[in-house]
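# The sequence and its predicted three-dimensional model are supplied below.
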Protein chains: 2
Amino acid sequence: MTSPALTKNQTLVFDVLTKSESALSAYTILDKLRDNGFRAPLQVYRALDKLLEHGMVHRLESLNAFVACAHQQSACCGSHGHGTVAFAICDSCGHVIEFHDHEVDHRLDDWARGQRFKPEKRTIEIRGLCESCA
Amino acid sequence: MTSPALTKNQTLVFDVLTKSESALSAYTILDKLRDNGFRAPLQVYRALDKLLEHGMVHRLESLNAFVACAHQQSACCGSHGHGTVAFAICDSCGHVIEFHDHEVDHRLDDWARGQRFKPEKRTIEIRGLCESCA
DNA sequence: GCAATTGATGTAATAACATTACATTTCAAG
DNA sequence: CTTGAAATGTAATGTTATTACATCAATTGC
């Protein structure tokens, strides 16, 4: 998967997420970009849609929030080309750890195959306390 | 885990979910219960909170919707006492399949232990197409 | 060059999901 | 009987996401 050139708004949103320690809601991103001319939620959601398509950003379903993909170019599965992403989310400090587990992926795929279910998108999120907060 | 007697509102909400083919949003439940005297979202959310506590209902994070637990009394892990629940959700017909995979659970627990991350709640959802819709 | 198409943007309004705050009722334990 | 805990009723508000429509910018094909 390639990472095409980003538009101005996409770059702004991506930068905000990249600099953030934790996941951000669309409206939090909006507030951070008011000084850059952002005025409406849709400006954020549109940029996020593209970034999600490109695999550069992930949505945390249990938080209704977004994080920049933690993968480096050199990662095991290629640049943003990986399959399932999983997250551990600290409910205390908000820190998010992105990880991948091929065994889990494989297991879920097996289950789906057995059911003749055709997976499109998987969500794996663990809420809890990180090492620092435990 | 025991299933304590439900209050009137809890029973109404649980019955609506049990009779439904697919997951329902809180507001959809509210509409279905207008004739039973429901007038405000909070009446639904309060009932759902208790039902979630009792493990009789699950929340689908990727859908912001709720389903009755598909587990029977006789299921492998005891009545509503199971650990992680996983779901396959058909994006076409809305059908939800609840399942459990101890291998996946174990694998995620292992990962968490390795990170000294203390899990509280896990979310596993597969969106896609069911056998009938594929 | 220039129309036509496509994708990105700006803005307002609204829809959908969820919680806070506060008053009242129910009901069982003491 | 009363009193304390849990459930309920209601209104208001907060948060997340989308629809609709107008405009602008870059590219393509003629």
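Done, it's in. Numbers count the residues shown, from 1 in each chain, chains lettered A, B, ... in the order given.
# Got the confidence number for the residue nearest the centre of chain A?
What sits nearest the mean C-alpha location of chain A, by C-alpha atoms, centre = their mean, is A:His58, with 1.4 Å. Looking at A:His58, its pLDDT stands at 97.
# Helix or strand for it, just tell me which one.
strand A:57-60 (DSSP states H and E).
# how far is the very next helix or strand once past that strand from where the chain is centred?
Going down the chain from strand A:57-60, the next helix or strand is strand A:65-68, by DSSP H and E. Between the centre of strand A:65-68 and the centre of its chain there are 5 Å (C-alpha atoms, centre = their mean, to the nearest Å).
# Strand A:65-68 packs against which elements?
If you count contacts as 3 or more C-beta pairs under 8 Å, 6 or more residues apart in numbering or on different chains; DSSP states H and E, strand A:65-68 packs onto helix A:8-19, helix A:26-32, strand A:57-60. In short, each C-beta sits where N, CA and C put it, glycine included.
# where along chain A do the helices fall?
A:8-19, A:26-32, A:41-53, A:102-115 (DSSP state H).
# Out of these, which is closest to chain B?
helix A:102-115 (5.1 Å; C-beta to the nearest C-beta).
# now the angle between helix B:102-115 and that closest one, please.
Our comparison of helix A:102-115 with helix B:102-115, counting by axes from the mean of the first three to the mean of the last three C-alpha atoms, to 10 degrees, yields an angle of 160 degrees.
# Helix A:102-115 near chain B anywhere?
Yes. Applying C-beta under 8 Å from any C-beta of the partner chain, one finds helix A:102-115 in contact with chain B at A:103-104, A:107-108, A:111-112, A:115.
# export the helices of chain A to JSON lines and tack on distance to B:Glu53 and mean pLDDT?
Output for the helices of chain A, formatted as JSON lines (distance: least, C-beta to C-beta, whole Å; pLDDT from 0 to 100):
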{"stretch": "helix A:8-19", "distance to B:Glu53": "34", "mean pLDDT": "97"}
{"stretch": "helix A:26-32", "distance to B:Glu53": "29", "mean pLDDT": "98"}
{"stretch": "helix A:41-53", "distance to B:Glu53": "33", "mean pLDDT": "97"}
{"stretch": "helix A:102-115", "distance to B:Glu53": "27", "mean pLDDT": "96"}
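# how about the residues of chain A that lie near chain B?
Residues of chain A found near chain B (C-beta under 8 Å from any C-beta) are A:61-62, A:86, A:88, A:90-91, A:97, A:99, A:101, A:103-104, A:107-108, A:111-112, A:115-131, A:134.
# Buried subset of these, written for ChimeraX?
In ChimeraX, a selection of the buried entries from the residues of chain A next to chain B looks like this (16 or more other C-beta atoms under 10 Å in any protein chain shown):
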select /A:61,62,86,88,90,97,99,101,104,107,108,111,112,117,118,119,122,123,124,125,126,127,128,129,130
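# if I pick the residue nearest to A:Glu120 when sequence neighbours are not counted, what's in contact with it?
Leaving aside its sequence neighbours, A:Glu120 sits nearest to B:Gly128 (C-beta to C-beta, 6 or more residues apart in numbering or on different chains; 4.3 Å). The contact partners of B:Gly128, by C-beta atoms under 8 Å, 6 or more residues apart in numbering or on different chains, come to A:112, A:117-121, B:88-91.
# Quick check: pLDDT value at A:Ala5.
Confidence score, pLDDT, at A:Ala5: 82.
# Could you identify which of the helices and strands packed on strand A:65-68 is most buried?
strand A:57-60 (a mean of 21; mean count of other C-beta atoms under 10 Å in any protein chain shown).
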